[in-house]
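*Asks:* just a sequence and a predicted model for now, questions to come.
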Amino acid sequence: MLTVNKTVENFLEVFIPMFLIYRNDPKKLFQSNKSPSSSSWQQQISDEKNLYIYEHTYYDCLELFIQYGYAFLFVSIWPWAPLVAAINSIMEVRMDAAKLVYCKRRPFQKSRKSINNAWIKSFEVLSIIIVISNFLTLELVSDRVQSLSFYFNLPTFKLIVYVEHIFLTIVLIFWYVVPDIPRDIHHRLNRRKYLQFTTINQDDKKFN
């Protein structure tokens, strides 16, 4: 289902727009990725005005969010799902590159410190749901869970709840202990900001 879904999305996002744009002049498809020196800027602007507008990254992030859910919500049933998701991610990088180069106008730059915080929270919530979903699925399909329940003399559901809470605790500990930005990179960024601030102050003193 994951592979079929991504194939249909790539077909609708890349191949159909590419066909609609270049059906009258297929030669432009092979000329669109040339360097600026091969054609004038006026010609490049004229070519790009016929392309679609790239509005935002919402749908690209949504595709990754859905793929993450597909890959890990039921990984206990089909362990090959993460491998298929990795292959789909490699294809997605190529398809998005083709979409930006051949089907979309050059987007305007918008500076952001990182990915939108709403997406980060969404992935974190989905990670918690993934842990709960996989353990509940194991309760239904795994015979080993039944044997462990008999061994510890606990009801199956209660055993699943205990183990699930242990794993959730481990996940929360990792979120707290492992920083989002590695320490050496964090120090380099702070040093860069300090040097920029110092250079600006020195330039201000020279002009004053």
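*Replies:* Okay, I see it.

*Asks:* burial measure for Arg105, as a count.
*Replies:* Each residue near Arg105 was counted by other C-beta atoms under 10 Å, and the total is 15. C-betas here are computed from N, CA, C, even on glycine.

*Asks:* that one and Ser46 touch, don't they?
*Replies:* No. Counting by C-beta atoms under 8 Å, Arg105 sits too far from Ser46 to count as a contact (11.8 Å).

*Asks:* what's the helix or strand for the residue nearest the centre of the chain?
*Replies:* The chain has Leu64 as the residue nearest its centroid, 4.5 Å off, counting by C-alpha atoms, centre = their mean. If you go by DSSP states H and E, Leu64 is part of helix 58-73.

*Asks:* looking at that helix now, give me its mean pLDDT.
*Replies:* The average pLDDT within helix 58-73 is 87.

*Asks:* packing partners for it?
*Replies:* Judged by 3 or more C-beta pairs under 8 Å, 6 or more residues apart in numbering; DSSP states H and E, helix 58-73 is in contact with helix 2-10, helix 81-98, helix 117-141.

*Asks:* picking up where we left off before, what residues are up against the residue nearest to the centre of the chain?
*Replies:* By C-beta atoms under 8 Å, 6 or more residues apart in numbering, the contact set of Leu64 is Ser89, Glu92.

*Asks:* C-terminal to the helix or strand of the chain with the lowest mean pLDDT, what's the next element?
*Replies:* Sorting the helices and strands of the chain by mean pLDDT, DSSP states H and E puts helix 27-31 at the bottom, at a mean of 61. Proceeding N to C from helix 27-31, the next assigned helix or strand is helix 41-48, under DSSP H and E.

*Asks:* so how far is that following helix from its chain's centroid?
*Replies:* Here helix 41-48 is found 31 Å from its chain centre; the criterion is C-alpha atoms, centre = their mean, to the nearest Å.

*Asks:* quick one: secondary structure of Lys110?
*Replies:* Counting by DSSP: H, G, I helix; E, B strand; the rest coil, the backbone at Lys110 sits in coil.

*Asks:* please identify the helix or strand for Phe197.
*Replies:* helix 183-207.

*Asks:* quick one on the thing from earlier: output the helices and strands packed on helix 58-73 as a markdown table; include the columns distance to His187.
*Replies:* Converted to a markdown table, the helices and strands packed on helix 58-73 look like this (distance: least, C-beta to C-beta, whole Å):
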| stretch | distance to His187 |
| --- | --- |
| helix 2-10 | 39 |
| helix 81-98 | 30 |
| helix 117-141 | 22 |
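
*Asks:* for Tyr22, which of these is the nearest?
*Replies:* Nearest to Tyr22, of all the helices and strands packed on helix 58-73, is helix 81-98, at 12.2 Å by C-beta to C-beta.
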